[in-house]
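# no sequence on hand, only this structure:
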């Protein structure tokens, strides 16, 4: 879809033809709390955005980028103290505006796209009413014309069958369609400023690419845009300028080409080095670029050194498994159709595909918590059904899982000691040795003993994922299923976790079944890859072969959707054995 199409379909009042910036702030500072509890989250930030320009604000969680973005439209939050030498919106001094003035601007002159469309959309309101709410609040169209405008908006952002989708609720739409509906709501009034906060995080590669193209069309139609992201590769093809934030400050700013091709600040270099890809395979993503990494032993396990690749034991053999589910209208939906593969000791097998392709169903069948309709999964040469019949706990412990979001997979009432302790107890460790084993596992994943009394909500995302890995290791498994284990993490935290998984595999001889929608992660981590669609395997083989010479059109579509950094590495990477590449 072109920007011309968007402009033709947009009948809402257009943004003013101002030549000056849409927003302009100088020396912005934001504090939360009072007295000894006061915390400064943004300090001396200056930025401006002109019509038709996209500024990307890049940094990790806690860097202050989202607070900065929200402050631009008066959404800093309760209890915040905001000061600035200058703060303007469309040329007007907005530094002293209250909620009443900002409420007239938000939606009409400034649109906001949040990361999680499912929680951002009202679950009790249809998509049509959600998009039309902005028009109603600002009285931009007569009531009789609003429905027509809503359909135009949904069509303009690429929603198929907009008349049907307008009557549906958010839970009835895919993640990509929900995000498109959220964008339609944000642009309904034709705002001059659009803020997109992590608009593609956790979306499939092809859907993310479509959303980025749509945002690019909006920028071309003279909309000023602020894109907030932790992913430099995502913003590379959208942003005109990039500002890198760390600990509340902008540490580097410039054109997209200058920042990404010739970064000056060590932190920017660290972010670039941390992006997993085919070129990073075999190298550490962290270490020498301002991001700390725990020292680990890299001596290969004896079991691996005594076996040739051909002799390595097949730990899991999946034989023609299929699985269907009722679809609620008297028919069935095929989730997995005739899938077969093997996983050998010490290997990593990647599984890629869009949401709904069957990846997670395959993982649950391999884990033994889902029973296939046909076919079988063999663990150590024996099917799960036989292990269950004989109550073989060793087989159960031999395959463990790391989930995408440990915050929701942990009991929030339990401490780290209790979370890992349950797994340690299940593994048969005597009571007297359990505390020492928990501490040993925490040390193995790079966490200090002082975290043992913390609850999940008190930990960062990376720390929670380390606890999840420690819990999986408690059973001393041979195979760990990694189901989107880093998709919700900042790029540098993701890099640390990927390095940790690689180190643990090398030290302990682990095998991984690695499921991800991030093809760069798969290229970095996996030896072989399966490409799934509609429950079936369309293509398989060594990662380099499949990604360099894909045979199936769908695989080519996935690969073409991978965001690429327009740069080469200007700094040496560290290989897994500690040498420099």
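Arrived safely, thanks for sending. Bear in mind the structure is a predicted one, so any value in this text is a computation, not a measurement.
# number of residues surrounding residue 544?
Neighbours of residue 544 under the rule other Cβ atoms under 10 Å: 14. Where you see a C-beta, it was placed from the backbone N, CA and C, and this is true even at glycine.
# now do the contacts for it.
Residue 544 makes contact with residue 278, according to Cβ atoms under 8 Å, 6 or more residues apart in numbering.
# so which bits of the host helix or strand of it are buried?
Per DSSP states H and E: residue 544 is located in helix 543-548. Using 16 or more other Cβ atoms under 10 Å as the test for burial, helix 543-548 gives 543, 546, 547.
# cool, and stretch 249-269?
Applying 16+ other Cβ under 10 Å to stretch 249-269 flags 250-254, 256, 259-260, 263, 265-269 as buried.
# reformat those as a markdown table; add pLDDT and distance to residue 173.
Converted to a markdown table, those look like this (pLDDT from 0 to 100; distance: Cβ to Cβ, whole Å):
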| residue | pLDDT | distance to residue 173 |
| --- | --- | --- |
| 250 | 97 | 36 |
| 251 | 96 | 39 |
| 252 | 96 | 38 |
| 253 | 95 | 37 |
| 254 | 95 | 38 |
| 256 | 91 | 32 |
| 259 | 92 | 35 |
| 260 | 89 | 34 |
| 263 | 92 | 38 |
| 265 | 94 | 40 |
| 266 | 92 | 42 |
| 267 | 91 | 38 |
| 268 | 91 | 37 |
| 269 | 89 | 40 |
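# what helix or strand is residue 354 located in?
Per DSSP H and E, residue 354 falls between elements, in no helix or strand.
# what values do phi and psi take at it?
Dihedral angles phi and psi of residue 354 (degrees, to the nearest 10) take the values phi -70, psi 170.
# ok, now which ones touch the nearest residue to it once chain neighbours are set aside?
Spatial nearest neighbour of residue 354, chain neighbours left out: residue 204 (4.2 Å); criterion: Cβ to Cβ, 6 or more residues apart in numbering. Residue 204 sits next to 175, 176, 354, 355, 517 when contact means Cβ under 8 Å, 6+ apart.
# helices or strands next to the helix or strand encompassing residue 216 in the packing?
If you go by DSSP H and E, residue 216 is part of helix 205-220. Packing partners of helix 205-220 (3 or more Cβ pairs under 8 Å, 6 or more residues apart in numbering; DSSP states H and E): helix 3-9, helix 175-187, strand 193-197, strand 224-229, helix 553-560.
# lowest mean pLDDT across those, which one is that?
Mean pLDDT is lowest for helix 3-9 among these, at a mean of 38.
# check which element follows it along the chain.
strand 23-32.
# partner strands of that following strand, with direction?
Next to strand 23-32 in the sheet, as set by DSSP bridges, lie strand 39-49 (antiparallel), strand 80-83 (antiparallel), strand 86-89 (antiparallel).
# list the contacts of it.
With Cβ under 8 Å, 6+ apart, strand 23-32 has contacts from 38-49, 64, 67-68, 71-72, 76-77, 79-89, 193, 224, 226.
# list the buried residues in it.
Neighbour-count burial for strand 23-32 [16+ other Cβ under 10 Å]: 23, 24, 25, 28, 29, 30, 31, 32.
# again, but for stretch 123-143
Neighbour-count burial for stretch 123-143 flags 126-135, 138, 140-141 (criterion: 16+ other Cβ under 10 Å).
# out of the buried residues of helix 543-548, flag the one nearest to residue 217.
Comparing these against residue 217 with Cβ to Cβ picks out residue 547 as the nearest, at 28.5 Å.
# all strands for the stretch 301-450 of the chain, in order.
Under the criterion DSSP state E, counting those that start in this stretch, the stretch 301-450 of the chain contains strands at 314-326, 332-344, 348-352, 374-379, 382-383, 399-402.
# tell me the mean pLDDT over the last one?
The predicted model assigns strand 399-402 a mean pLDDT of 94.
# going through the contacts of strand 23-32, which ones are buried?
With burial judged by 16+ other Cβ under 10 Å, the buried subset of the contacts of strand 23-32 is 40-42, 45, 47-49, 64, 67-68, 71-72, 76, 80, 82, 84, 87-89, 193, 224, 226.
# ramachandran angles for the closest residue to residue 505 other than its chain neighbours?
Closest residue to residue 505 apart from its sequence neighbours, by Cβ to Cβ, 6+ apart: residue 512 at 6.5 Å. Main-chain torsions, residue 512, degrees, to the nearest 10: phi -120, psi 140.
# do residue 460 as well
Backbone torsions of residue 460, given as degrees, to the nearest 10, read phi -70, psi 170.
# next: the one 5 residues further on.
Note on residue 465: its backbone torsions stand at phi -70, psi -30 [degrees, to the nearest 10].
# now swap in the one 3 residues further on and tell me
Taking degrees, to the nearest 10, you get phi -60, psi -40 for the backbone angles of residue 468.
# just the pLDDT for residue 12.
Note for residue 12: predicted pLDDT of 40.
# go on, residue 453?
So residue 453 comes in at 95 (pLDDT).
# give me the number of residues near it?
Neighbours of residue 453 (other Cβ under 10 Å): 11.
# identify the residue nearest it in space, chain neighbours excluded?
Closest to residue 453 by Cβ to Cβ, 6+ apart is residue 415, at 5.3 Å.
# who's in contact with that neighbour?
452, 453, 454, 455.
# the third one - nearest residue in space that isn't next to it in sequence?
Among residues not flanking residue 454 along the chain, residue 416 sits closest, at 5.4 Å (Cβ to Cβ, 6+ apart).
# try residue 551
Per Cβ to Cβ, 6+ apart, closest to residue 551 is residue 539, 5.8 Å.
# show me where pLDDT drops low in the chain?
By pLDDT under 70, the low-scoring segments of the chain are 1-19, 115-119, 202, 287-311, 327-329, 566-581.
# rewinding a little: residue 521 versus the residue nearest to residue 551, what's the distance?
For residue 539, the distance to residue 521 equals 18 Å [Cβ to Cβ, to the nearest Å].
# more neighbours, those two?
A count of neighbours by other Cβ under 10 Å puts residue 521 above the other of residue 539 and residue 521, at 23 against 19.
# just say helix, strand or coil for that one.
helix (DSSP: H, G, I helix; E, B strand; the rest coil).
# please renumber so the chain begins at 720
Got it, first residue is 720 now, which makes that one residue 1240.
# list the buried residues in the helix ranked longest in the chain.
Longest among the helix segments of the chain by residue count, using DSSP state H, is helix 1210-1227. Buried residues in helix 1210-1227, counted by 16+ other Cβ under 10 Å: 1210-1225, 1227.
# how about stretch 1166-1174?
So stretch 1166-1174, judged by 16+ other Cβ under 10 Å, has buried residues 1166, 1170, 1171, 1173.
# and of the residues you listed, the nearest to residue 1129?
residue 1173 (11.1 Å).
# how about the secondary structure of the closest one?
Applying three-state DSSP: residue 1173 is coil.
# bridging residues for residue 801?
residue 749.
# please enumerate the helices of the stretch 1070-1219 of the chain.
With DSSP state H, counting those that start in this stretch applied, the stretch 1070-1219 of the chain shows helices at 1078-1086, 1103-1108, 1112-1117, 1125-1128, 1135-1145, 1150-1163, 1180-1192, 1210-1227, listed in chain order.
# what angle do the first one and strand 1067-1071 make?
What it means is helix 1078-1086. For helix 1078-1086 against strand 1067-1071, the angle by axes from the mean of the first three to the mean of the last three Cα atoms, to 10 degrees is 140 degrees.
# got it, and the fifth one?
Here helix 1135-1145 points in a direction 120 degrees away from that of strand 1067-1071 (the same axes, to 10 degrees).
# tell me the buried residues in helix 1135-1145?
1135, 1136, 1138, 1139, 1140, 1142, 1143.
# what's the answer for the shortest one, then?
Applying a neighbour-count criterion of 16+ other Cβ under 10 Å, the buried positions in helix 1125-1128 are residue 1125.
# what does it contact?
With Cβ under 8 Å, 6+ apart, helix 1125-1128 has contacts from 1122, 1175, 1176, 1180, 1183, 1184, 1186, 1187.
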